[in-house]
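Asker: Show me the folded form of this:
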Amino acid sequence: MKDRFMHSNIKLDTERLREQDHHWVHPWEDFKTLAKTKRTVIARSEGIYLYDSDGKRMIDGPAGMWCVNLGHGRQDMAQAIAEQAITMPYYSPWSLSNVPASELAEKLAELAPGDLKHVFFTTGGSTAVDSALRFTMYLNNCLGRREKKHIISRQDAYHGSTYLSASVSGKQRDKTNLDFERGFIHILPSPNPYRRPDGMTVEEFCDEKVADLENKILELGPDKVAAFIAEPILASGGVIVPPKGYHRRCLEVCRKYDVLYISDEVVTAFGRLGHWFASEDVFDVVPDMITTAKGITSGYLPLGALFISDRLVKMLGSDAAEKGMFANGYTYSGHPVCTAAALKTIEIIENENLLEHVRGIGPYFQARLRELEDIPIVGEVRGEGLMACVECVGNRETKEPMTLEYEIGSRIDKHCQAMGLLIRPLYHMFVVSPPFVITRAQIDDLVGIMRKGIEKTLDDLVREGLWKG
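Answerer: All right, here's what the predicted structure looks like:
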């Protein structure tokens, strides 16, 4: 079986694989098309490339799902994972500890900003966010502040797929026909500078978005508001980079009213912006909690982590706090093989100077992508480090959505895939976040294919009478 995947010219029975795939209910599945969907089947991967079941090679533009930072097919990662699986694959994390999880906890405490020196291991980003929100409730209950439970988030935010983490997510299109907590969750307007009102400066927009937070806290009452949760860059919402100073000023508002600041770094931590964490090094904030996942193992195995500040831990250990366990955890918390993968990921990033590489190549990546803004349907290209979004519009002056806006990203993705590039479509946008090991020449290839994909889509729209310029 292994030999079948070792060479890109080996073809599998794609149609049979697709038939088998119809038994798999994928994330964000549309049940009306369940038996009709013909997904590309990925058979193997290497470096920045994926190979489908027909042997076609494609650049992995999204790095899986913002996570395969080290690139695919690394023997050193596979070896570290195999060695730990042989040494000890699993144990119960409730009353025992294990070697790689303990070593990883210490290493993460060393890398984390400020006093975020305590780590709670989870199974991924959604459970890290869920744990942060549950810890917030637990903390206030222990301190006798049982009314201090309201959580503030933002439109265009994405924080996960558990009930609580999905409830604080602000992507309205993801909420159709699902139920969410509404009693204590509050969603502020998006901090997207591209969508600010005509005539408003970025500085004025920043003032307004910070005021949104303070006004909501005052409206609800500071004694009722527990936390504000924010991605440094709103990743799945379209790589939205808030105005300069926004996060620092929001943190100041939170401190003023004794509201916890949770930084969701599931995407941005572990090097996506060229730093271990983006909160302090890029956005000048040291939050009360940080949630992480994805890049912590470079996607090789599932793992998430919640970082909790010493300040909060000491509050729970004080005489003022009620006794009671934080009864939250998972069968695979601190999983030995997953934490071994995380240790190896950090080791590789350090030994190969990948943070420096991202900081060096990131500006080139962003500059090349911004050249796409000369295409008529491209409204804005935005991003930082090795993450970016291309947003398409029907009119660049008014920024109005395009006819068939839901399909535009998918149409571009289809054209790009045919030419050897995978992107991640998001309605009228698409995002890219390639592996850290990408070179300038590979960036040129990526952007070249992307340009052709957008231009082919524009040609389709003109031919169908959906674009008149």
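
Asker: Just the strands from the stretch 351-469 of the chain, written as ranges.
Answerer: Read by DSSP state E, counting those that start in this stretch, the stretch 351-469 of the chain holds these strands, from start to end of the chain: 378-384, 387-392, 421-422, 424-426, 429-432.

Asker: now for the helix or strand that Asp130 is a member of, which elements pack on it?
Answerer: Assigned by DSSP states H and E, Asp130 belongs to helix 125-142. In terms of contact count using 3 or more C-beta pairs under 8 Å, 6 or more residues apart in numbering; DSSP states H and E, helix 125-142 is assigned the packing partners strand 118-122, helix 163-167, strand 225-230, strand 260-264, strand 289-292, strand 304-308, helix 310-317. The way it works is simple: take the backbone N, C-alpha and C, and place the C-beta from them, glycine included.

Asker: contacts for that helix?
Answerer: Residues external to helix 125-142 that are found in contact with it (C-beta atoms under 8 Å, 6 or more residues apart in numbering): 120, 122, 146, 148-149, 151, 159-166, 168, 226-227, 229, 260, 262, 264, 266, 289, 291-294, 304-306, 308, 312, 315-316, 321-322, 324, 326, 328, 330.

Asker: any low-confidence regions in this protein?
Answerer: Across the chain, residues meeting the criterion (pLDDT under 70) sit at 1-10.

Asker: ok, longest helix in it?
Answerer: Among the elements of the chain assigned as helix by DSSP state H, the one spanning the most residues is helix 440-463.

Asker: So for Leu50, which of the strands of the stretch 351-469 of the chain sits nearest?
Answerer: strand 421-422 (6.5 Å; C-beta to C-beta).

Asker: check contacts around the residue nearest in space to the middle of the chain.
Answerer: With the centre of the chain defined as its mean C-alpha position, the nearest residue by C-alpha atoms, centre = their mean is Val267, 3.3 Å away. By C-beta under 8 Å, 6+ apart, the contact list for Val267 reads Trp66, Glu231, Ile233, Ala235, Lys294, Gly295, Met387, Ser433.

Asker: Closest one to Cys250 out of those, please.
Answerer: Nearest to Cys250 among the contacts of Val267 is Glu231, at 12.0 Å by C-beta to C-beta.

Asker: For the stretch 51-200 of the chain, which segments count as strands?
Answerer: Counting by DSSP E, counting those that start in this stretch, the segments of the stretch 51-200 of the chain that form strands are 57-60, 118-122, 150-154, 185-188.

Asker: thinking again about what came up before, buried by neighbour count, from the contacts of helix 125-142: which ones?
Answerer: Of all the contacts of helix 125-142 considered here, the ones buried according to neighbour count by 16 or more other C-beta atoms under 10 Å are 120, 122, 148-149, 151, 159-162, 164-166, 168, 226-227, 229, 260, 262, 264, 266, 289, 291-294, 304-306, 308, 312, 316, 328, 330.

Asker: In CSV, list the C-alpha atoms belonging to the longest helix of the chain.
Answerer: Extracted C-alpha coordinates of helix 440-463, given in CSV (Å, rounded to 0.1, in the frame of the first residue of the first chain):
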residue,chain,number,x,y,z
ARG,A,440,10.5,33.1,-3.5
ALA,A,441,10.4,31.1,-6.7
GLN,A,442,7.5,29.1,-5.4
ILE,A,443,5.7,32.3,-4.3
ASP,A,444,6.1,33.5,-7.9
ASP,A,445,4.5,30.2,-9.2
LEU,A,446,1.7,30.6,-6.6
VAL,A,447,0.9,34.2,-7.6
GLY,A,448,1.2,33.5,-11.3
ILE,A,449,-1.4,30.7,-11.1
MET,A,450,-3.6,32.8,-8.9
ARG,A,451,-3.6,35.6,-11.4
LYS,A,452,-4.6,33.3,-14.2
GLY,A,453,-7.3,31.8,-12.1
ILE,A,454,-8.9,35.1,-11.3
GLU,A,455,-8.6,36.3,-14.9
LYS,A,456,-10.2,33.1,-16.2
THR,A,457,-13.1,33.6,-13.7
LEU,A,458,-13.5,37.2,-14.9
ASP,A,459,-13.6,35.9,-18.5
ASP,A,460,-16.4,33.5,-17.4
LEU,A,461,-18.3,36.3,-15.9
VAL,A,462,-18.1,38.5,-19.0
ARG,A,463,-19.1,35.6,-21.2
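
Asker: Which other helices and strands does it contact?
Answerer: Identification of packing neighbours for helix 440-463 by 3+ C-beta pairs under 8 Å, 6+ apart yields strand 57-60, helix 354-370, strand 387-392, helix 405-418, strand 421-422.

Asker: how about those, which one is nearest Arg18?
Answerer: For these, the distance to Arg18 is smallest for helix 405-418, at 15.3 Å, taking C-beta to C-beta.

Asker: buried ones in that closest one?
Answerer: Neighbour-count burial for helix 405-418, with 16+ other C-beta under 10 Å as criterion, is recorded at Glu407, Ile408, Gly409, Ser410, Arg411, Ile412, Asp413, His415, Cys416, Gln417.

Asker: which residues touch the first one?
Answerer: When the contact criterion is C-beta under 8 Å, 6+ apart, Glu407 has no partners at all.

Asker: Check the spacing between it and Val390 real quick.
Answerer: Taking C-beta to C-beta, to the nearest Å as the measure, Glu407 and Val390 are separated by 15 Å.

Asker: again, but for the third one
Answerer: As for Gly409, its distance to Val390 is 9 Å (criterion: C-beta to C-beta).

Asker: shared neighbours of those two, which are they?
Answerer: If you check Gly409 and Val390 against C-beta under 8 Å, 6+ apart, the residues they both contact are Met429, Phe430.

Asker: contacts for stretch 113-122?
Answerer: 93, 101, 104-105, 108-109, 112, 128, 130-131, 135, 277, 279-281, 286-287, 289-290, 293, 303-311, 313, 330, 333-335, 339.

Asker: Span of that stretch from start to end?
Answerer: As for stretch 113-122, its first-to-last residue distance stands at 20 Å under the measure C-alpha to C-alpha, to the nearest Å.

Asker: Then stretch 416-428?
Answerer: Stretch 416-428 has an end-to-end distance of 15 Å (C-alpha to C-alpha).

Asker: Can you list the buried residues in it?
Answerer: Judged by neighbour count (16+ other C-beta under 10 Å), stretch 416-428 contains these buried residues: Cys416, Gln417, Leu421, Leu422, Ile423, Arg424, Pro425, Leu426, Tyr427, His428.

Asker: Same question for stretch 294-311.
Answerer: Here stretch 294-311 shows 294-309 as buried, counting by 16+ other C-beta under 10 Å.

Asker: nearest to Leu218, of the buried residues of helix 405-418?
Answerer: Distances from Leu218 to the buried residues of helix 405-418, taken by C-beta to C-beta, are shortest for Gly409, at 38.5 Å.

Asker: how far away is the most far-flung residue of the chain relative to its centre from Asp223?
Answerer: When distances to the mean C-alpha position of the chain are computed (C-alpha atoms, centre = their mean), the maximum falls on Asp319, with 38.2 Å. For Asp319, the distance to Asp223 (C-beta to C-beta) stands at 22 Å.

Asker: Check Gly245 too.
Answerer: Gly245 is 28 Å from Asp223, where distance means C-beta to C-beta.

Asker: Neighbour count: these two, which is higher?
Answerer: Of the pair Gly245 and Asp223, Gly245 is the one with more neighbours under other C-beta atoms under 10 Å, namely 14 against 11.
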